[in-house]
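Student: What shape does this take:
(2 chains)
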Amino acid sequence: MLASPLEQFVIKPIIPLHIGNTDISFSQSALWMGIAVILATLLMTLSMRSKALVPGRWQNVSEMLYEFIFGMVNDNLGNEGKKYFPFVFSVYMIVLMGNLLGMVPYSFTYTSHIIVTGALALTVFILATGVGIVRHGLHFFSLFLPKGLPWFLAPLIVTIEVISYLSRPISLSVRLFANMVAGHTMLKVFAGFSVMLGIILGILPMVVNVALYGLEILIAFIQAYVFAILTCIYLKDAIELH
Amino acid sequence: MEPQAAKLIGAGLAVLPLLGVGIGLGMLFSSVINAMGRNPSVTDAVKGTALFYFALVEAIALFALVIALLLLFVF
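Tutor: Predicted structure coming up:
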């Protein structure tokens, strides 16, 4: 019988390690995270070795990534937002590398686990709230009360605003996680059909798989972009309070 | 009703909100195409924004999928 298409997300340890009762083995998730860090570092440092004024191919890629995120941070956060640029760039690279490395056959998508995306989203949320509270003190909570509101609507609106503010890390993490899980599950399901139908008829699900693969690469880029730009928007909300 | 049957019916009901997602995406892209048709010079500006809001609306569809998967495989 066919294996469940959700089995590809099971974490298997590569180097089993234990401290007492806790399992801290080096899993495939950690391996691909390490590969993502190494790739991102190599991409940004090696490509800028030549430091040409007219960039060659690899330098062009680095400069495009840099200018893309820098434009985003500048548009949303203004001049004083430049100090958040390394954070937004790191978040973008983590998510982009995670999504794209998952497209390599036989690899593992570490962004397809809610614990990873949840940790990233929680970091962004705590940073934005922390920046807001440190900068504005208790005035930060005026974020939840829009201007020009009749007094009798205030309790209802404040409740709704607080709930929607608290749902930000949830929506940020679940969006990325569910996109990755849904994409890879669909690929696996159609691949299962290919195996079931044999060699000749099995070409049809494979054609669908090729189209889905292209869609998945597009979604990898879009989800990384959405994560980064929502980070900028949440930081802007905290800094400018409207 | 047996729990397994209830789970399957619940998972099926959990994807009904995709109707709203379909309508939302249709409205979004119809206005994008309308804008690009009336004023071809804003194509680049509109394209980035359109993709961003597409991802946000798609996220709602995926929340429904997550609830359906939760019902089927966790409970």
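
Student: Find the closest residue to chain A in chain B.
Tutor: As assessed by Cβ to the nearest Cβ, chain A sits closest to B:Leu62 within chain B, at 3.4 Å. Every C-beta, even on glycine, is put in place using the N, C-alpha and C of the backbone.

Student: so that residue makes contact with A:Ser171?
Tutor: No - contact criterion Cβ atoms under 8 Å: B:Leu62 and A:Ser171 do not qualify, at 10.1 Å.

Student: Just want to know which of the two has more residues nearby.
Tutor: Applying other Cβ atoms under 10 Å in any protein chain shown to B:Leu62 and A:Ser171 shows that B:Leu62 carries more neighbours, namely 21 against 16.

Student: can you tell me which residues contact the nearest residue to that one once chain neighbours are set aside?
Tutor: In space, and not counting its chain neighbours, B:Leu62 is closest to A:Ala178: 3.4 Å by Cβ to Cβ, 6 or more residues apart in numbering or on different chains. Contacts for A:Ala178 (Cβ atoms under 8 Å, 6 or more residues apart in numbering or on different chains) come out as B:Ala59, B:Leu62, B:Phe63, B:Leu65, B:Val66.

Student: Quick one: residues contacting the first one.
Tutor: Same thing as B:Ala59. For B:Ala59, the contacting residues are A:Ser171, A:Val174, A:Arg175, A:Ala178, A:Asn179, by Cβ under 8 Å, 6+ apart.

Student: Report how many residues lie close to the second one.
Tutor: A:Val174 is flanked by 21 other residues according to other Cβ under 10 Å.

Student: Enumerate the positions of the host helix or strand of it that are buried.
Tutor: Using DSSP states H and E, A:Val174 sits in helix A:168-201. Residues A:168-169, A:171-191, A:193-194 are the ones in helix A:168-201 that count as buried (16 or more other Cβ atoms under 10 Å in any protein chain shown).

Student: same check, this time on stretch A:52-60
Tutor: Buried residues in stretch A:52-60, defined by neighbour count with 16+ other Cβ under 10 Å: A:Pro55, A:Gln59.

Student: CA atoms only for it, dumped as CSV, please.
Tutor: The C-alpha coordinates for stretch A:52-60 follow below in CSV (Å, rounded to 0.1, in the frame of the first residue of the first chain):
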residue,chain,number,x,y,z
ALA,A,52,33.8,45.4,-9.7
LEU,A,53,31.9,48.6,-10.4
VAL,A,54,30.0,46.9,-13.2
PRO,A,55,29.0,43.6,-11.5
GLY,A,56,29.6,40.2,-13.0
ARG,A,57,26.9,37.5,-12.6
TRP,A,58,27.4,36.4,-9.0
GLN,A,59,28.0,39.9,-7.8
ASN,A,60,24.8,40.9,-9.5
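
Student: Name all residues that make contact with B:Gly12.
Tutor: B:Ala68.

Student: change it to 6 Å
Tutor: For B:Gly12, the contact set (Cβ atoms under 6 Å, 6 or more residues apart in numbering or on different chains) is empty.

Student: same deal with A:Thr231?
Tutor: By Cβ under 6 Å, 6+ apart, the contact list for A:Thr231 reads A:Val88, A:Val91, A:Val124.
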